[in-house]
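S.K.: This is the structure alone, sequence omitted:
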């Protein structure tokens, strides 16, 4: 498996001059990718579980990327002590994101994968990232979408974002929802995504 790196968008996004994109955490497979996956982090930010999920997907042959959604605020990461004890600072960080910026981040990750993988990208998310994955699946051409959600992870990440059930109904791709957040769920997601590979 190849290493990871940051793929940076133009530095002027913080000045709101142009709508550009967040840096990407990238994990490459050892050989040519069979497809690409956008992995969206939860309220805790870019933590080890998200990085590990990308590595697991890359080991299975996927080109996996995860946008640093909190990068404008220095990319903070908050400890994950379970779904019932999410730090309020983490919830505030997610709630403070601009939907337009997140849409631009996902679009840029989608374009990155479209240029490098043979199939349309898929999207998967953990916790609030799963809610965002459903939001993305309703707005982007993706081959499949998946989420790992437990506890209160199905709450809308920002005011005005439709509830998860409504987004699932609006999606334009096959959908998989799994409970919990353990590593063993990601092989199930990889199998699901593989069964829905579609050429660009």
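M.R.: Alright, I've got the coordinates. Here the structure is a predicted model, which is why all the values come from computation and not from measurement.
S.K.: Looks to me like residue 108 is in a strand.
M.R.: No. Counting by DSSP: H, G, I helix; E, B strand; the rest coil, residue 108 is not found in a strand; it is helix.
S.K.: ok, the spatially most central residue of the chain to residue 31 distance?
M.R.: Residue closest to the average C-alpha location in the chain (CA atoms, centre = their mean): residue 40, at 1.7 Å. Distance of residue 40 to residue 31, given as CB to CB, to the nearest Å: 25 Å. To be clear about C-beta, it is placed using only N, CA and C from the backbone, and glycine gets the same treatment.
S.K.: Across the sheet, point out what pairs with the residue nearest to the centre of the chain.
M.R.: With DSSP bridges as the criterion, residue 40 is bridged to residue 125.
S.K.: just checking, it touches residue 132?
M.R.: Yes. Contact criterion CB atoms under 8 Å: residue 40 and residue 132 qualify, at 4.9 Å.
S.K.: which residues in the protein form helices?
M.R.: Assigned by DSSP state H, the chain shows helices spanning 48-59, 88-95, 99-114, 128-137, 164-170, 185-195.
S.K.: Which pLDDT value goes with the residue nearest to the centre of the chain?
M.R.: You'll see residue 40 listed with a pLDDT of 96.
S.K.: Residue 138 versus residue 63, what's the distance?
M.R.: 23 Å.
S.K.: Comparing those two, which residue is more hemmed in?
M.R.: Neighbour count, other CB atoms under 10 Å: between residue 63 and residue 138, residue 63 has more, with 24 against 18.
S.K.: The nearest residue to the more buried one once chain neighbours are set aside: how many residues sit nearby?
M.R.: Spatial nearest neighbour of residue 63, excluding adjacent residues (CB to CB, 6 or more residues apart in numbering): residue 33 at 3.9 Å. Close neighbours of residue 33, defined as other CB under 10 Å, add up to 21.
S.K.: With residue 172 instead?
M.R.: So residue 172, with other CB under 10 Å, has 12 neighbours.
S.K.: Name all residues that make contact with the residue nearest to residue 94 when sequence neighbours are not counted.
M.R.: In this structure, residue 94 finds its nearest non-sequential neighbour in residue 43, 4.4 Å apart by CB to CB, 6+ apart. Residues in contact with residue 43 (CB atoms under 8 Å, 6 or more residues apart in numbering) are 78, 86, 90-91, 93-94, 127-128, 157.
S.K.: how about 10 Å then?
M.R.: When contacts are counted by CB atoms under 10 Å, 6 or more residues apart in numbering, residue 43 is found next to 69-70, 78, 80, 86-95, 126-129, 152-153, 155, 157.
S.K.: Tell me the spacing between residue 158 and residue 42.
M.R.: Using CB to CB, one gets 14 Å for the distance from residue 158 to residue 42.
S.K.: residues shared between the contacts of the two?
M.R.: Common neighbours of residue 158 and residue 42 are listed as 94, 128, 131-132 (criterion: CB under 10 Å, 6+ apart).
S.K.: who does the nearest residue to residue 58 once chain neighbours are set aside bridge with?
M.R.: The shortest distance from residue 58 to any non-neighbouring residue, by CB to CB, 6+ apart, is to residue 27 (3.9 Å). With DSSP bridges applied, residue 27 shows beta-bridge pairing to residue 64.
S.K.: All set, thanks.
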